[in-house]
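Q: Build me a model from this:
(one chain, ligands or ions: 2)
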Amino acid sequence: MKTNGFVEIARVKKTFKTRGKVFEALDEINLQFNEGEFISLIGPSGCGKSTLLNMIAGIESCEVGTIKLDGQVIKKPGVERGMVFQNHALFPWMTVYENIMFALDCVKEGATKEEKDEIAMKYLELVKLTGAKDKKPREISGGMKQRVGIARAFVNNPKVLLLDEPFGALDALTRGSLQDELERIWEEEQKTVVMVTHDVEEAILLSDRIVVMSHGPKANIRAVISVDIPRPRQKSDIMDNQEFIKLRKQLTNMLSQESIA
Ligand SMILES: Nc1ncnc2c1ncn2[C@@H]1O[C@H](COP(=O)(O)OP(=O)(O)OP(=O)(O)O)[C@@H](O)[C@H]1O
Ligand SMILES: [Mg+2]
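A: Ligands and ions are numbered 1, 2, ... in the order given. So this is what the prediction gives:
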């Protein structure tokens, strides 16, 4: 397992130019993530969390500074980085199973139909969707769509999983059970995960470290906080853990200072 520097963000700045105006979104971001680490990005709305995640994904360009994955500079999207979008981004005319097979078809060119089917079924089982495999997105709930998105990001065995507010639009109950599910899958798969969230409790429940960003423009890193709570963690169990309560207070204070600054 590669420790520090598996994902390496060095002196990264981001400027947007729109209608002749320059907007300096990110200023001097320096971060290093370990292989197998679960990282959350948290910060005020508009500070640049999605921008930074999209730059790691290669969807957004990086003109100043460098972002490396396992020593390689990221220049464009790649199969070693799986992305889960907030709006699911499933093909509406395909079933759950076909959506997953499509992701596999794009990448595993040499694999037989049976090999791909085996992988698709393994991940459908992991997200507990075997029974819904032949349904279309319109026939399943928001939480189920989100789970298809997670399965689809996992099937190509990416080195890094990038999640942009994956549970943002869900009710508290569905959110809670998906958080527990993601924690379980992460325990099993030990992937490097970078997740954007607005939810302090979600960040503490899932993360090894939480990156707190300052407000924009020219946002940077306010703090990087380690979460030393033993795993496996279940939402129902950790709510009265002393470390959890302490971290929740610390993070909530930091975020309220950032949003009024
Ligand atoms: N393509 C773009 N062109 C111009 N400005 C942009 C573009 N994308 C993002 N921005 C600006 O950059 C800043 C950061 O946006 P970003 O979407 O990364 O924020 P965020 O932290 O993800 O916010 P939220 O929590 O609300 O999702 C915002 O001020 C936004 O208006
Ligand atoms: Mg965002």
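Q: Centre of the chain to the strand or helix carrying Ile210, how far?
A: Element membership for Ile210, per DSSP states H and E: strand 209-213. Distance, stretch centre to chain centre, for strand 209-213: 13 Å (CA atoms, centre = their mean, to the nearest Å).
Q: just the residues of this protein that are near ligand 1, which are they?
A: Contacts of the chain with ligand 1, taken as CB under 6 Å from any ligand atom, map to 16, 18, 23, 25, 45-51, 216. (Each C-beta comes from the backbone N, C-alpha and C, glycine too.)
Q: Name the nearest of these relative to Ile140.
A: Checking the residues of the chain next to ligand 1 against Ile140 by CB to CB gives Ser50 as the nearest, at 25.3 Å.
Q: Dihedrals phi and psi, that closest one?
A: phi -60, psi -40 (degrees, to the nearest 10).
Q: do you know how far it is from Ile221?
A: Look at Ser50 and Ile221: by CB to CB, to the nearest Å, they are 16 Å apart.
Q: what's the least confident helix or strand in the chain by mean pLDDT in contact with?
A: Every helix and strand of the chain was ranked by mean pLDDT, DSSP states H and E. The lowest is helix 172-189, at a mean of 83. Residues from elsewhere that reach helix 172-189 (CB atoms under 8 Å, 6 or more residues apart in numbering): 38, 126-128, 141-143, 146-147, 150, 154, 166-167, 170, 193, 199, 202, 205-206, 231-235.
Q: Make a PyMOL selection of whichever of those turn out to be buried.
A: Buried residues within the contacts of helix 172-189, by 16 or more other CB atoms under 10 Å, are selected in PyMOL with:
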select buried, resi 38+126+127+143+146+147+150+154+166+167+170+193+199+202+205+206+233+235
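Q: Since that was my last question, I'll sign off now.
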